[in-house]
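Visitor: got a sequence here, can you build the structure:
(chains A and B)
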There are 2 protein chains.
Amino acid sequence: METHVFPLLSSFLSIIFLATSKASDLHIPHQIHLLRPQSGAHGRDVPGLSCLSWRLSVETHNLMGWKTVPQQCENYVGHYMLGKQYRDDSKAVINEALLYAQSLKVAGDGKEIWVFDIDETTLSNLPHFAKHGFGTEPYNATTFNEWVMEGKGLALPETLKLYQKVLSLGIKIVFLTGRTEDQRSVTATNLKKVGFHTWEKLILKGPSYTGKTAVAYKSNERKRFEKNGYRIIGNIGDQWSDILGTNTGNRTFKLPDPIYYVS
Amino acid sequence: METHVFPLLSSFLSIIFLATSKASDLHIPHQIHLLRPQSGAHGRDVPGLSCLSWRLSVETHNLMGWKTVPQQCENYVGHYMLGKQYRDDSKAVINEALLYAQSLKVAGDGKEIWVFDIDETTLSNLPHFAKHGFGTEPYNATTFNEWVMEGKGLALPETLKLYQKVLSLGIKIVFLTGRTEDQRSVTATNLKKVGFHTWEKLILKGPSYTGKTAVAYKSNERKRFEKNGYRIIGNIGDQWSDILGTNTGNRTFKLPDPIYYVS
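Guide: The predicted model follows:
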């Protein structure tokens, strides 16, 4: 059944991501509400758990090291990701990043960089996760890597705006991703296809980092840049592990991601 | 008019804070809904701004140094604070803190401390802010200090649970607050009156810190503890300035506060 559902879902997601019209203007039969907290007057009660509170805990990093989205929050997270609120929340983050970028006095010496994570920061894997329970299924490296190798990641439209702004200011782009070296070519192609045409460096996780945490890997790679005379002006990711550790940059931004957690 | 409204509001808030029954069971005429996002199918659109996204930006520290709640979010923030969602969000944070506390192997050498901020962490000033636009009015030190000197802060019930748990484990309590030394007596009395009966130390902001940021003041005070051989096992506050800086402790927890920002 999945193979039948998928093309439809994919088109649907393309519409959500590419259309400039509001999601609420579209006729989407199964999308009864866009973000209805599962607690409070309008919501269905989840005994002992508010999915909205769970998500806030995740985003504020009060909740760490979680493995899967709680089963009873699958609908909630699905509606959140497919609806207007995910886009709005991303927009609020990018608005701050744009204000920050605009306020900068750029030296323009070619040594200023802005670090972008890739998955759920630059490229969206939502079509994949929509097929796999929106984070309620345990992470499966095999199916996820199969999806990555298809090169069908969608541009996150708010991040694309920031990317263009940063480029226009003369700040260099560095992509720093947990994707592995064998995914370099498909990743580069995917990035270009959806609008991220250029970068100073695309750093993928080499074999020397196998078994290391994302915090350790990304901190070390950022440190290497700083040792080479680069200055990290900004740093944006969907995971706390993108923006914690050392050499985090002058300012960090945390995009929403209630689907998975990377240590 | 305020003097007439205030006793009523105060009783109402006491009910919210002290009653174990759900807020939704109470007959509160002006509380039509508990937390209705001002975007999406159920919400009233705020042009260019989702108050839910604004709050998420605040809580994730993407938005820094803000002065007031956006005017159009007064109702949203008011409903959030008076409704079930604020309590639920606090509960989600405290649940994580309780799990963490329970997992600890406590040495019991009297050198283990848990740092609690006071305002909007231990004591709620909601009756004051409800009278002053829920953060939409610029911070007014005179009226706020008048409220503090009344000693009518309410216990934040989730934090009280954590306080009791931490005490029961043999970890010492340290209160570290931006309130000033002249407010020591009223603060101590207020804490005891609402259930926070004991502590190792209550640290208020001395004159030497005038003009210093909360991050600088609190970092320095925490450092003094560590120099004296104490170990900061946990650290909880409603502001990012409570948990950023140096000597932040083994683990930090961020309670919700969409009403004000302290640098």
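Visitor: give me the number of residues near the closest residue to A:Tyr139 other than its chain neighbours?
Guide: Spatially, and ignoring its direct neighbours in sequence, A:Tyr139 is nearest to A:Tyr260 (6.2 Å; Cβ to Cβ, 6 or more residues apart in numbering or on different chains). In short, each C-beta sits where N, CA and C put it, glycine included. Burial of A:Tyr260 is recorded as 21 neighbouring residues (other Cβ atoms under 10 Å in any protein chain shown).
Visitor: on the three-state scheme, A:Tyr260 is what?
Guide: Secondary structure, DSSP: H, G, I helix; E, B strand; the rest coil: A:Tyr260 is coil.
Visitor: how about A:Leu56?
Guide: At A:Leu56 the chain is in helix, as set by three-state DSSP.
Visitor: what strand or helix carries the closest residue in space to it that isn't next to it in sequence?
Guide: In space, and not counting its chain neighbours, A:Leu56 is closest to B:Asp89: 5.3 Å by Cβ to Cβ, 6+ apart. Assigned by DSSP states H and E, B:Asp89 falls within helix B:84-103.
Visitor: check contacts around the residue nearest to A:Leu56.
Guide: By Cβ atoms under 8 Å, 6 or more residues apart in numbering or on different chains, the residues touching B:Asp89 are A:Ser50, A:Leu52, A:Ser53, A:Leu56, A:Ser57, B:Pro256.
Visitor: just A:Ile173 next, same as before
Guide: Contact partners of A:Ile173, counting by Cβ under 8 Å, 6+ apart, are A:Ile113, A:Trp114, A:Phe116, A:Tyr163, A:Val166, A:Leu167, A:Phe196, A:Thr198, A:Trp199, A:Glu200.
Visitor: got the residues of the stretch 151-263 of chain A near chain B?
Guide: With Cβ under 8 Å from any Cβ of the partner chain as the criterion, the stretch 151-263 of chain A comes near chain B at residues A:Phe253, A:Lys254, A:Pro256.
Visitor: bridged to the residue in the stretch 151-263 of chain A that chain B sits nearest to, which residues?
Guide: For the stretch 151-263 of chain A and chain B, the shortest gap (Cβ to the nearest Cβ) falls at A:Lys254, measuring 5.0 Å. Following DSSP bridges, A:Lys254 is listed with bridge partners A:Gly237.
Visitor: toward the C-terminus, what is the element adjacent to the host helix or strand of A:Phe129?
Guide: Using DSSP H and E, A:Phe129 sits within helix A:126-131. Downstream of helix A:126-131, the first helix or strand assigned by DSSP H and E is helix A:141-150.
Visitor: which elements pack onto that next one?
Guide: Under the contact definition 3 or more Cβ pairs under 8 Å, 6 or more residues apart in numbering or on different chains; DSSP states H and E, helix A:141-150 sits against helix A:126-131, helix A:184-193.
Visitor: so what secondary structure elements neighbour the last one?
Guide: Right, helix A:184-193. Helix A:184-193 makes packing contacts with helix A:141-150, strand A:172-180, strand A:201-205 when contacts are defined by 3+ Cβ pairs under 8 Å, 6+ apart.
Visitor: pick the most deeply packed of these.
Guide: Mean neighbour counts were taken over the helices and strands packed on helix A:184-193 using mean count of other Cβ atoms under 10 Å in any protein chain shown, and the top value, a mean of 21, falls to strand A:172-180.
Visitor: partner strands of that one, with direction?
Guide: Applying DSSP bridges to the sheet, strand A:172-180 is found paired with strand A:112-116 (parallel), strand A:201-205 (parallel).
Visitor: now the ones you listed in JSON lines, with mean pLDDT and distance to B:Thr68?
Guide: Converted to JSON lines, the strands paired with strand A:172-180 look like this (pLDDT from 0 to 100; distance: least, Cβ to Cβ, whole Å):
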{"stretch": "strand A:112-116", "mean pLDDT": "98", "distance to B:Thr68": "30"}
{"stretch": "strand A:201-205", "mean pLDDT": "98", "distance to B:Thr68": "41"}
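Visitor: let me have the ones you listed in TSV, extended by distance to A:Asp238.
Guide: Output for the strands paired with strand A:172-180, formatted as TSV (distance: least, Cβ to Cβ, whole Å):
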stretch	distance to A:Asp238
strand A:112-116	11
strand A:201-205	16
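Visitor: which residues sit in contact with the residue of the stretch 151-263 of chain A closest to chain B?
Guide: By Cβ under 8 Å, 6+ apart, the residues touching A:Lys254 are A:Glu59, A:Val93, A:Ile236, A:Gly237, A:Asp238, A:Trp240, A:Asp242, A:Ile243, B:Thr60, B:His61, B:Asn62.
Visitor: now swap in A:Leu98 and tell me
Guide: Counting by Cβ under 8 Å, 6+ apart, A:Leu98 makes contact with A:Lys161, A:Leu162, A:Lys165.
Visitor: and the first one, helix, strand or coil?
Guide: Right, A:Lys161. Per three-state DSSP, the local secondary structure of A:Lys161 is helix.
Visitor: hmm, it is touching A:Ala97, no?
Guide: No. Counting by Cβ atoms under 8 Å, no contact exists between A:Lys161 and A:Ala97, whose distance comes to 9.1 Å.
Visitor: for A:Thr180, what are its contacts?
Guide: Neighbours of A:Thr180 in contact, by Cβ under 8 Å, 6+ apart: A:Leu204, A:Lys205, A:Gly206.
Visitor: ok, back up a step: how about CSV for the helices and strands packed on helix A:184-193, with distance to A:Phe129 added?
Guide: CSV is the format used below for the helices and strands packed on helix A:184-193 (distance: least, Cβ to Cβ, whole Å):
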stretch, distance to A:Phe129
helix A:141-150, 9
strand A:172-180, 16
strand A:201-205, 20
